[in-house]
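Participant: missing the sequence, but the structure's below:
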(Lines give C-alpha, C1' and ligand atoms only; values in the text may rest on other atoms or scores of the structure.)
Protein backbone atom coordinates (compact mmCIF):
# COMPACT_ATOMS: atom_id res chain seq x y z
CA UNK A 1 0.00 0.00 0.00
CA UNK A 2 1.45 3.39 -0.93
CA UNK A 3 1.89 6.12 1.71
CA UNK A 4 -1.01 8.25 0.41
CA UNK A 5 -3.55 5.42 0.63
CA UNK A 6 -2.22 4.40 4.04
CA UNK A 7 -2.83 7.98 5.29
CA UNK A 8 -6.37 8.00 3.95
CA UNK A 9 -7.19 4.79 5.76
CA UNK A 10 -5.57 5.39 9.12
CA UNK A 11 -5.28 9.01 10.26
CA UNK A 12 -6.01 7.96 13.85
CA UNK A 13 -2.73 6.05 13.99
CA UNK A 14 -0.94 9.38 13.45
CA UNK A 15 -2.47 10.93 16.58
CA UNK A 16 -0.58 10.36 19.83
CA UNK A 17 -2.69 10.01 22.97
CA UNK A 18 -1.08 11.46 26.11
CA UNK A 19 -3.22 10.31 29.06
CA UNK A 20 -2.30 13.00 31.58
CA UNK A 21 -1.47 16.52 30.42
CA UNK A 22 -2.74 19.39 32.57
CA UNK A 23 -5.42 17.10 33.93
CA UNK A 24 -6.85 15.98 30.58
CA UNK A 25 -6.19 13.45 27.83
CA UNK A 26 -4.14 15.31 25.21
CA UNK A 27 -4.44 14.33 21.55
CA UNK A 28 -1.09 15.22 19.98
CA UNK A 29 -1.19 15.94 16.23
CA UNK A 30 2.61 16.25 15.89
CA UNK A 31 3.08 12.74 14.42
CA UNK A 32 0.46 13.51 11.75
CA UNK A 33 2.04 16.87 10.91
CA UNK A 34 5.51 15.41 10.46
CA UNK A 35 4.29 13.07 7.70
CA UNK A 36 3.98 15.48 4.78
CA UNK A 37 1.59 13.33 2.76
CA UNK A 38 -0.75 12.83 5.72
CA UNK A 39 -0.73 16.56 6.50
CA UNK A 40 -1.41 17.38 2.83
CA UNK A 41 -4.20 14.80 2.78
CA UNK A 42 -5.86 16.37 5.85
CA UNK A 43 -5.72 19.86 4.36
CA UNK A 44 -7.04 18.62 1.01
CA UNK A 45 -9.94 16.79 2.67
CA UNK A 46 -10.87 19.88 4.70
CA UNK A 47 -10.55 22.05 1.58
CA UNK A 48 -12.72 19.68 -0.45
CA UNK A 49 -15.45 19.91 2.18
CA UNK A 50 -15.46 23.74 2.11
CA UNK A 51 -14.30 24.51 -1.45
CA UNK A 52 -17.81 25.24 -2.80
CA UNK A 53 -18.75 27.50 0.12
CA UNK A 54 -18.41 31.23 -0.18
CA UNK A 55 -15.53 31.95 2.23
CA UNK A 56 -13.70 35.27 2.58
CA UNK A 57 -11.32 34.42 5.42
CA UNK A 58 -10.30 31.65 7.77
CA UNK A 59 -10.02 32.43 11.47
CA UNK A 60 -8.05 30.15 13.79
CA UNK A 61 -7.10 30.17 17.44
CA UNK A 62 -3.48 29.75 18.56
CA UNK A 63 -1.50 27.62 18.57
CA UNK A 64 -2.27 24.35 16.81
CA UNK A 65 -5.25 25.90 15.07
CA UNK A 66 -2.84 28.23 13.26
CA UNK A 67 -1.08 25.28 11.66
CA UNK A 68 -4.26 23.87 10.15
CA UNK A 69 -5.99 27.20 9.48
CA UNK A 70 -3.11 28.88 7.68
CA UNK A 71 -2.46 25.84 5.47
CA UNK A 72 -6.15 25.61 4.63
CA UNK A 73 -6.36 29.35 3.86
CA UNK A 74 -3.46 28.92 1.44
CA UNK A 75 -5.13 25.90 -0.19
CA UNK A 76 -8.46 27.75 -0.60
CA UNK A 77 -6.85 31.05 -1.67
CA UNK A 78 -8.43 33.11 1.12
CA UNK A 79 -7.07 35.31 3.90
CA UNK A 80 -6.11 34.15 7.37
CA UNK A 81 -6.89 35.90 10.66
CA UNK A 82 -5.42 34.84 14.01
CA UNK A 83 -7.15 34.81 17.37
CA UNK A 84 -4.52 34.94 20.10
CA UNK A 85 -4.17 34.90 23.84
CA UNK A 86 -4.56 38.31 25.47
CA UNK A 87 -1.55 40.58 25.05
CA UNK A 88 -0.09 38.86 21.95
CA UNK A 89 -1.59 41.04 19.19
CA UNK A 90 -0.02 44.46 18.50
CA UNK A 91 -3.08 46.49 17.45
CA UNK A 92 -6.31 47.51 19.19
CA UNK A 93 -8.28 44.38 20.03
CA UNK A 94 -11.55 43.11 21.41
CA UNK A 95 -11.28 40.26 23.89
CA UNK A 96 -13.32 37.55 25.53
CA UNK A 97 -12.73 35.46 28.64
CA UNK A 98 -14.12 31.92 28.66
CA UNK A 99 -13.81 28.64 30.57
CA UNK A 100 -11.80 25.78 29.09
CA UNK A 101 -11.68 22.18 30.29
CA UNK A 102 -8.90 22.91 32.79
CA UNK A 103 -8.68 26.71 33.18
CA UNK A 104 -10.09 30.08 32.14
CA UNK A 105 -8.52 31.88 29.20
CA UNK A 106 -8.80 35.25 27.52
CA UNK A 107 -8.48 35.53 23.76
CA UNK A 108 -8.50 38.53 21.45
CA UNK A 109 -8.73 39.58 17.83
CA UNK A 110 -7.86 42.85 16.13
CA UNK A 111 -10.89 45.13 16.14
CA UNK A 112 -10.63 45.62 12.36
CA UNK A 113 -9.85 41.99 11.45
CA UNK A 114 -13.30 41.17 10.10
CA UNK A 115 -15.62 43.34 8.05
CA UNK A 116 -19.37 43.35 8.56
CA UNK A 117 -21.03 40.36 6.81
CA UNK A 118 -17.67 38.87 5.86
CA UNK A 119 -17.94 35.08 5.39
CA UNK A 120 -15.74 33.33 7.97
CA UNK A 121 -14.64 29.72 8.24
CA UNK A 122 -13.41 28.82 11.74
CA UNK A 123 -10.74 26.11 11.84
CA UNK A 124 -9.12 24.45 14.84
CA UNK A 125 -7.25 21.24 15.46
CA UNK A 126 -9.62 19.78 18.06
CA UNK A 127 -13.21 19.97 19.26
CA UNK A 128 -13.44 18.88 22.89
CA UNK A 129 -16.10 20.59 25.06
CA UNK A 130 -16.57 23.41 22.55
CA UNK A 131 -15.58 26.27 24.87
CA UNK A 132 -12.74 27.62 22.75
CA UNK A 133 -14.56 27.47 19.43
CA UNK A 134 -17.68 29.01 21.00
CA UNK A 135 -15.51 31.93 22.20
CA UNK A 136 -14.11 32.21 18.64
CA UNK A 137 -17.66 32.32 17.23
CA UNK A 138 -18.62 35.02 19.71
CA UNK A 139 -15.62 37.20 18.76
CA UNK A 140 -16.25 36.81 15.01
CA UNK A 141 -19.94 37.59 15.35
CA UNK A 142 -19.26 40.54 17.65
CA UNK A 143 -17.23 42.05 14.79
CA UNK A 144 -20.10 41.43 12.36
CA UNK A 145 -18.69 38.39 10.59
CA UNK A 146 -20.87 35.51 9.41
CA UNK A 147 -19.65 32.06 10.42
CA UNK A 148 -20.26 29.83 7.36
CA UNK A 149 -18.55 26.74 8.73
CA UNK A 150 -16.46 25.25 11.50
CA UNK A 151 -13.84 22.58 10.84
CA UNK A 152 -11.58 20.38 12.94
CA UNK A 153 -8.95 17.73 12.43
CA UNK A 154 -10.21 15.86 15.52
CA UNK A 155 -13.51 15.71 17.35
CA UNK A 156 -13.87 14.06 20.76
CA UNK A 157 -17.45 12.85 20.34
CA UNK A 158 -17.61 11.62 23.93
CA UNK A 159 -17.31 15.23 25.24
CA UNK A 160 -20.30 16.37 23.14
CA UNK A 161 -18.75 19.74 22.20
CA UNK A 162 -21.31 20.28 19.45
CA UNK A 163 -23.92 20.98 22.15
CA UNK A 164 -21.92 24.01 23.30
CA UNK A 165 -21.70 25.28 19.72
CA UNK A 166 -25.34 24.68 18.78
CA UNK A 167 -26.80 23.33 15.56
CA UNK A 168 -26.78 26.64 13.66
CA UNK A 169 -23.39 25.92 12.05
CA UNK A 170 -21.96 23.48 9.52
CA UNK A 171 -19.46 21.48 11.60
CA UNK A 172 -17.04 19.06 9.95
CA UNK A 173 -14.36 16.90 11.58
CA UNK A 174 -11.93 14.52 9.87
CA UNK A 175 -11.22 12.23 12.82
CA UNK A 176 -13.68 11.17 15.52
CA UNK A 177 -12.91 9.62 18.89
CA UNK A 178 -15.51 7.87 21.03
CA UNK A 179 -15.35 6.59 24.63
CA UNK A 180 -14.22 3.24 23.27
CA UNK A 181 -11.08 4.89 21.84
CA UNK A 182 -9.83 5.84 25.29
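Facilitator: Cool, the structure landed. Keep in mind that this is a model prediction, so the values were computed, not measured.

Participant: And residue 92, how far from residue 111?
Facilitator: From residue 92 over to residue 111 the distance is 5 Å, taken as C-beta to C-beta, to the nearest Å. C-beta here means a position set from N, CA and C on the backbone, and glycine is covered the same way.

Participant: Tell me who's in contact with the nearest residue to residue 97 once chain neighbours are set aside.
Facilitator: Spatial nearest neighbour of residue 97, chain neighbours left out: residue 106 (4.4 Å); criterion: C-beta to C-beta, 6 or more residues apart in numbering. By C-beta atoms under 8 Å, 6 or more residues apart in numbering, residue 106 lies in contact with 85, 86, 95, 96, 97, 98.

Participant: Equivalent analysis for residue 85, please.
Facilitator: By C-beta under 8 Å, 6+ apart, the contact set of residue 85 is 62, 105, 106, 107, 108.

Participant: Most widely separated two among these?
Facilitator: Comparing every pair within those by C-beta to C-beta identifies 62 and 106 as the most remote, at 12.3 Å.

Participant: Quick test: name the residue nearest the centre of the protein.
Facilitator: Among the residues of the chain, residue 124 comes closest to the average C-alpha position under C-alpha atoms, centre = their mean, at 0.8 Å.

Participant: so that residue makes contact with residue 132?
Facilitator: Yes. The pair residue 124 / residue 132 is scored as a contact, 6.8 Å apart, by C-beta atoms under 8 Å.

Participant: got any residues that touch both of the two?
Facilitator: Counting by C-beta under 8 Å, 6+ apart, the residues touching both residue 124 and residue 132 are residue 61.

Participant: give me the number of residues near the spatially closest residue to residue 105 that is not a sequence neighbour?
Facilitator: Once flanking residues are discounted, residue 105 sits nearest to residue 98: 6.3 Å by C-beta to C-beta, 6+ apart. Using other C-beta atoms under 10 Å, the number of residues around residue 98 comes to 15.
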